[in-house]
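A.B. asks: Fold the following.
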Amino acid sequence: MRDSFGRNIDYLRVSVTDRCNLRCLYCMPDGVKLKKRPEILSLEELVHICRAAVSCGVKKIKVSGGEPLLRRGLCAFIAALKNEAGADEVTLTTNGVLLEEHLPSLAKAGLNAVNVSLDALNPQIFIKTTGLGAAAGSAGFNNETLNRVVSAIFRAAGMGLNVKINCVPIEGLNESEIIPLSLLAEKTAVAVRFIELMPLGRASFYRGIPAKKVLQIINEACGPLTAFTGKLGNGPASYYSAPFWKGVIGVIPAMSRGFCETCNRLRLSADGVLSSCLSSGENVSLREELRKKPEGFGPEKEAAVKKIIQDVIYNKKAFNDFSPVYNGEKAENRKDKLMWKIGG
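C.D. replies: Numbers count the residues shown, from 1 in each chain. Modelled structure (predicted):
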């Protein structure tokens, strides 16, 4: 389905939980207030919404969180997104801590690709960026956690999954990790992507590194980089290759250039809030509609949910609040927006 600006909205990001086993500094600080269990949609309810979304033209579904692998029944949910909801492609975003043990079941469920959030390969910087040690729920984590994440990345790539590594480079925190992370793409067929920091919630207190500078750093150390002309997903990243590398480098210039004119996505939070934009305040709750009497998800309820989705798509705004061409509220005033609540 197309919105009022002619963009084809065919991508839905679905958060299955607001829980996470890490406390990354720019995303989910320790001590956050989480939703109560009855407020979180069941996986069955999420499948109903996704089926309605597919009937509106959604083809690709990204499962996120929080940390989605904390949600029981996730592999069966991924299978249901394909077999019951009818999604053409289902992918997963994870911090990778629990990934390796779930890889066989995820592959069996039909998962097409996995994105692993990884901001550092240096153990000390990894611990600092992820909040390990101080974070509630991080008991039992140690320096081996990083090794588990990296091992999961290599195993996933070896299984034939499309693997992307997402790093958010931040001044004074992990800029020294740009080259070590980039080199993961030298001998392994992965896409290492650097995403400009967006001023949502806690991230408002940090300064990101522009994509142009990231590319300059990589080009000087590993270049020459050349534009990659192959197809890698349908997101906003621009990709580059280096001589004799098996993988590629990607940048997502969310702040310096923006990509709203080609945005194709919706977002659904774990408590059922549907949003057409990461920075949008125009959100609609589907939970109340789903739980209206009578129970179940009959034709009338499905039609009502579908109508809400269609309205959200059509009314999707032209630009997010962070776009260089946006003239409204300044991004610095968006500290109330929380990345971990809306699925990244």
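A.B. asks: Could you check the pLDDT of Gly235?
C.D. replies: With respect to pLDDT, Gly235 has a value of 76.
A.B. asks: One more: the one 3 residues further on?
C.D. replies: We have a pLDDT of 93 for Ser238.
A.B. asks: Provide a list of residues in contact with it.
C.D. replies: Ala227, Gly250, Val251, Ile252, Pro253 (Cβ atoms under 8 Å, 6 or more residues apart in numbering). Heads up, the C-betas are built off the backbone N, CA and C, glycines and all.
A.B. asks: would you say the third one is within a helix?
C.D. replies: Read it as Val251. No - in this structure, Val251 is strand, not part of a helix, as judged by DSSP: H, G, I helix; E, B strand; the rest coil.
A.B. asks: any idea how far it lies from Leu266?
C.D. replies: Separation of Val251 from Leu266 (Cβ to Cβ, to the nearest Å) stands at 24 Å.
A.B. asks: go on, the second one?
C.D. replies: With distances taken as Cβ to Cβ, Gly250 is found 22 Å from Leu266.
A.B. asks: So which of the two has more stuff around it?
C.D. replies: A direct count of neighbours by other Cβ atoms under 10 Å for Gly250 and Leu266 places Gly250 higher, at 25 against 22.
A.B. asks: Tell me the bridge partners for the more buried one.
C.D. replies: Applying DSSP bridges to Gly250 yields these beta-bridge partners: Arg193, Tyr239.
A.B. asks: In this protein, mark out all the strands, start to finish.
C.D. replies: Remark: strands assigned in the chain by DSSP state E are 11-15, 60-64, 89-94, 113-117, 162-167, 191-195, 226-227, 238-241, 248-252, 265-268, 273-275, 283-285.
A.B. asks: Could you export the ones you listed as CSV, including distance to Thr129?
C.D. replies: As requested, these are exported to CSV (distance: least, Cβ to Cβ, whole Å):
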stretch, distance to Thr129
strand 11-15, 21
strand 60-64, 19
strand 89-94, 16
strand 113-117, 10
strand 162-167, 10
strand 191-195, 14
strand 226-227, 29
strand 238-241, 24
strand 248-252, 18
strand 265-268, 24
strand 273-275, 26
strand 283-285, 29
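A.B. asks: Between those strands, which one is closest to Pro38.
C.D. replies: Closest of these to Pro38 is strand 283-285, at 14.0 Å (criterion: Cβ to Cβ).
A.B. asks: mind listing what that closest one pairs with, with the direction of each?
C.D. replies: If you go by DSSP bridges, strand 283-285 pairs up with strand 273-275 (antiparallel).
A.B. asks: ok so, going back, which of the strands of the chain comes out lowest on mean pLDDT?
C.D. replies: The minimum mean pLDDT among these belongs to strand 283-285 (a mean of 91).
A.B. asks: which parts of that strand are buried?
C.D. replies: Within strand 283-285, the residues scored as buried using 16 or more other Cβ atoms under 10 Å are Val284.
A.B. asks: What mean pLDDT does stretch 301-311 get?
C.D. replies: Averaged over stretch 301-311, pLDDT sits at 95.
A.B. asks: Revised request: answer the last question for stretch 197-204.
C.D. replies: 83.
A.B. asks: do the same with stretch 18-34
C.D. replies: When pLDDT is averaged along stretch 18-34, the result is 86.
A.B. asks: how long is it end to end?
C.D. replies: 7 Å (Cα to Cα, to the nearest Å).
A.B. asks: same question, stretch 168-182
C.D. replies: 13 Å.
A.B. asks: what does stretch 203-217 give?
C.D. replies: 23 Å.
A.B. asks: Next, the buried residues of that stretch.
C.D. replies: Ala203, Ser204, Gly208, Ile209, Pro210, Ala211, Lys213, Val214, Leu215, Ile217.
A.B. asks: could I get those as JSON lines with distance to Glu171?
C.D. replies: As requested, these are arranged in JSON lines below (distance: Cβ to Cβ, whole Å):
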{"residue": "Ala203", "distance to Glu171": "12"}
{"residue": "Ser204", "distance to Glu171": "14"}
{"residue": "Gly208", "distance to Glu171": "7"}
{"residue": "Ile209", "distance to Glu171": "6"}
{"residue": "Pro210", "distance to Glu171": "10"}
{"residue": "Ala211", "distance to Glu171": "14"}
{"residue": "Lys213", "distance to Glu171": "10"}
{"residue": "Val214", "distance to Glu171": "12"}
{"residue": "Leu215", "distance to Glu171": "16"}
{"residue": "Ile217", "distance to Glu171": "13"}
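A.B. asks: now, among these, which is nearest to Val192?
C.D. replies: Nearest member of these to Val192, counting by Cβ to Cβ, is Val214, at 10.5 Å.
A.B. asks: I'd say the closest one and Ile252 touch.
C.D. replies: No - with contact defined as Cβ atoms under 8 Å, Val214 does not count as touching Ile252 (10.2 Å).
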